[in-house]
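J.: Build me a model from this:
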Amino acid sequence: MTASPSSFEETSEAQAAASQLTRLGESRWVLISALLIAVLFVIAFQVPVWAAVSGLLVLCGVAAFVPRRTSGRRVQLSTQRERRRMWPGTGMKVTVDALPTPCFVADGRGITRYINASAQEAYEGVKPGDPLSFCLRAPSLLEAFDRVCATGGTERISWIEKVPTETWYEAHIAPMYMPGSGGSQDHGGREPDFILVVIQDQTENRRLERMRTDFVANASHELRTPLASLTGFIETIQGPAKNDPEAQDRFLSIMLDQAGRMRRLIDDILSLSRIELKAHVRPANVVDLSEIIRHTADALSPLAADMNVEIRIEMPASPVRLKGDRDELIQVAENLIENALKYGSNGKFVDVHLSEQNEEPEEHFWILAVRDYGEGIPKEHLPRLTERFYRVDVESSRALKGTGLGLAIVKHILTRHRARLEIDSERGQGTTFTVKLPALENTNGLPEKISA
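T.: Numbers count the residues shown, from 1 in each chain. As a prediction, this is how the structure comes out:
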């Protein structure tokens, strides 16, 4: 069904008439004043009535047909006011930029209106005009944002992100009102002009708390046995063996071993805690993995001689460069080779093999394999070898002065280096620990290698 041309004309005429009436309403005080002046001129100055009426009619026509600039100015001011409510002012931006933590300024619909430099660095790709949920996807955060929009109050929430590493965040969400619109206490139920979201990374603080908790729990559990031994021997020396020099020498030797065990345990716990604190920070230094392996093998050669085991090394003659922490990678090599010497000593050989894997241009790795020819490890124990204080054989581990933390330290170091650890073992065939480390890439995306 279509409208006829006459109906369109009638509609246009009605709109024009309504517009004219609106202009007359806006000019009512001017017209009333003109009417009073016309009456005054007729009475006081004997002006003809027809002249006064004619002038009044002309004034009414002007008021009805000529647009007033005040109305357009009012519309312009209203538009500018709406724009100011849509985009934050310079003062607000300067204040947000001064904050050292990631900050987002969003409107009531959840659209990002401003982002400070810290937020742009932490959340790459986000820009004003994008929904806030593009970069902050925690459901609890978005729910808190909606509550602030609805109530005008403030919210403080925490959440955990599991990928790529476990990270804790805390967010402060508060309403913001434009100058001149009233504060949050007297805005009369009006929705906030903007919402400020401040994100703080609490990972370091939470890891410190976990480090203290884990240290107390693990130390109290593992130190109980050597402390009980020390207490018993001290009581024996003070009592029945008080005048027995031979027994005292034997007990003091055992006490020294137990004290050394406690020292090694505490050192490993502290080392593991320090590594965990830096788990989400990838190393930036470039190291030579082949030099690290040679250094470790030389340092462990006295132990290999005592165990009557030969360390056989096979690696490239040129330096093997990758990004890593030298001290931590030395810890990895020492733990793996030392474990192979201690638990595979009956095999007489420990093989250390370093090779490269470059199946695809985008995936280039260095493979470090440490193999012993000992008794091997039962399959059911393999998944748990990197757990803290887990031992396949508690007695043999303690006899070999193990703390149960060596492989846990290796796992956390490799996690920080974005590397992987694989364990393969068969009874009677020995055990192979394989470490897969990302290679150093040059500017063209190809593996970078230098000659010695």
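J.: Which segments of this protein make up each domain?
T.: What the record gives for the chain is the domain set 11-67, 87-201, 204-277, 283-452, from automatic domain parsing.
J.: Grab the most central residue of this structure for me.
T.: In the chain, the centroid-proximal residue (Cα atoms, centre = their mean) is residue 167; its distance is 5.4 Å.
J.: circling back to that earlier point, same list (the domains of the chain) but as JSON lines, adding mean pLDDT.
T.: Shown next, in JSON lines, are those (pLDDT from 0 to 100):
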{"stretch": "domain 11-67", "mean pLDDT": "66"}
{"stretch": "domain 87-201", "mean pLDDT": "84"}
{"stretch": "domain 204-277", "mean pLDDT": "81"}
{"stretch": "domain 283-452", "mean pLDDT": "80"}
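J.: Which residue ranges of the stretch 51-200 of the chain form strands?
T.: 103-106, 112-115, 155-161, 167-176, 194-201 (DSSP state E, counting those that start in this stretch).
J.: Please identify the most buried of the ones you listed.
T.: Most buried of the strands of the stretch 51-200 of the chain by mean neighbour count (mean count of other Cβ atoms under 10 Å) is strand 103-106; its value is a mean of 24. All C-beta atoms are positioned from the backbone trio N, CA, C, and that covers glycine.
J.: Show me what that one is in contact with.
T.: The contact list for strand 103-106 (Cβ atoms under 8 Å, 6 or more residues apart in numbering) reads 88, 92-93, 96, 112-116, 118-119, 132, 135-136, 145, 176, 194-199.
J.: How about stretch 124-142?
T.: Residues from elsewhere that reach stretch 124-142, judged by Cβ under 8 Å, 6+ apart: 104, 106, 110-115, 119-120, 123, 145, 157, 159, 161, 169, 171, 173, 197, 199.
J.: Could you give me the buried positions within the helix or strand hosting residue 252?
T.: According to DSSP states H and E, residue 252 maps onto helix 245-277. The neighbour-count check on helix 245-277 (16 or more other Cβ atoms under 10 Å) flags 251, 255, 258, 261-262, 265, 268-269, 271-273, 275-276 as buried.
J.: Just list what that helix packs against, helices and strands only.
T.: Where contact means 3 or more Cβ pairs under 8 Å, 6 or more residues apart in numbering; DSSP states H and E, helix 245-277 is packed against helix 203-222, helix 224-238, helix 406-416.
J.: residue ranges for the helices of the stretch 51-200 of the chain, please.
T.: Ranges of helices in the stretch 51-200 of the chain, per DSSP state H, counting those that start in this stretch, are 69-86, 90-98, 117-122, 139-151.
J.: How many neighbouring residues does residue 391 have?
T.: 16 (other Cβ atoms under 10 Å).
J.: Now do the SS call for it.
T.: coil (DSSP: H, G, I helix; E, B strand; the rest coil).
J.: okay but it is in contact with residue 404, surely?
T.: Yes: in this structure residue 391 lies within contact range of residue 404 using Cβ atoms under 8 Å: 5.2 Å.
J.: Grab the nearest non-local neighbour of residue 110.
T.: Spatial nearest neighbour of residue 110, excluding adjacent residues (Cβ to Cβ, 6 or more residues apart in numbering): residue 132 at 4.9 Å.
J.: Let me see the contact set for residue 300.
T.: Applying Cβ under 8 Å, 6+ apart, we find residue 300 in contact with 311, 334, 337, 338, 341.
J.: since we're on residue 237, how many residues are nearby?
T.: 16.
J.: Numbering from 25 from now on, please.
T.: Will do, 25 is the new start, and the previous item becomes residue 261.
J.: Would you confirm that it contacts residue 274?
T.: No: if you go by Cβ under 8 Å, residue 261 and residue 274 don't touch, sitting 10.3 Å apart.
J.: Pretty sure residue 449 sits in a strand.
T.: Yes: if the criterion is three-state DSSP, then residue 449 is within a strand.
J.: how far away is it from residue 428?
T.: Distance of residue 449 to residue 428, given as Cβ to Cβ, to the nearest Å: 18 Å.
J.: again, but for residue 133
T.: With distances taken as Cβ to Cβ, residue 133 is found 55 Å from residue 428.
J.: From the neighbour counts alone, determine which of the two ranks first.
T.: Per other Cβ under 10 Å, whichever of residue 133 and residue 428 has more neighbours is residue 428, with 18 against 9.
J.: For the nearest residue to the more buried one once chain neighbours are set aside, give me its contacts.
T.: Ranked by Cβ to Cβ, 6+ apart and with sequence neighbours excluded, the top spatial neighbour of residue 428 is residue 413, at 3.9 Å. If you count contacts by Cβ under 8 Å, 6+ apart, residue 413 has them with 242, 245, 246, 427, 428, 429, 432.
J.: just the buried members of those?
T.: Among these, those buried by neighbour count (16+ other Cβ under 10 Å) are 242, 246, 427, 428, 429, 432.
J.: Please tabulate the residues you listed in TSV and include distance to residue 152 as additional columns.
T.: Shown next, in TSV, are these (distance: Cβ to Cβ, whole Å):
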residue	distance to residue 152
242	48
246	54
427	53
428	53
429	49
432	45
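J.: which one among those residues gets closest to residue 306?
T.: Distance to residue 306, by Cβ to Cβ, is smallest for residue 432 among those, at 19.9 Å.
J.: quick one: contacts for the closest one?
T.: Residue 432 makes contact with 296, 410, 411, 412, 413, according to Cβ under 8 Å, 6+ apart.
J.: hang on, the earlier thing: mind putting the buried residues of helix 269-301 in JSON lines, distance to residue 322 included?
T.: Shown next, in JSON lines, are the buried residues of helix 269-301 (distance: Cβ to Cβ, whole Å):
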{"residue": "275", "distance to residue 322": "37"}
{"residue": "279", "distance to residue 322": "33"}
{"residue": "282", "distance to residue 322": "30"}
{"residue": "285", "distance to residue 322": "26"}
{"residue": "286", "distance to residue 322": "29"}
{"residue": "289", "distance to residue 322": "27"}
{"residue": "292", "distance to residue 322": "23"}
{"residue": "293", "distance to residue 322": "28"}
{"residue": "295", "distance to residue 322": "22"}
{"residue": "296", "distance to residue 322": "25"}
{"residue": "297", "distance to residue 322": "29"}
{"residue": "299", "distance to residue 322": "24"}
{"residue": "300", "distance to residue 322": "29"}
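J.: Tell me how many other residues surround residue 140.
T.: Neighbour number of residue 140 under other Cβ under 10 Å is 20.
J.: for residue 302, that is, sorry about that
T.: Neighbourhood size, residue 302 [other Cβ under 10 Å]: 16.
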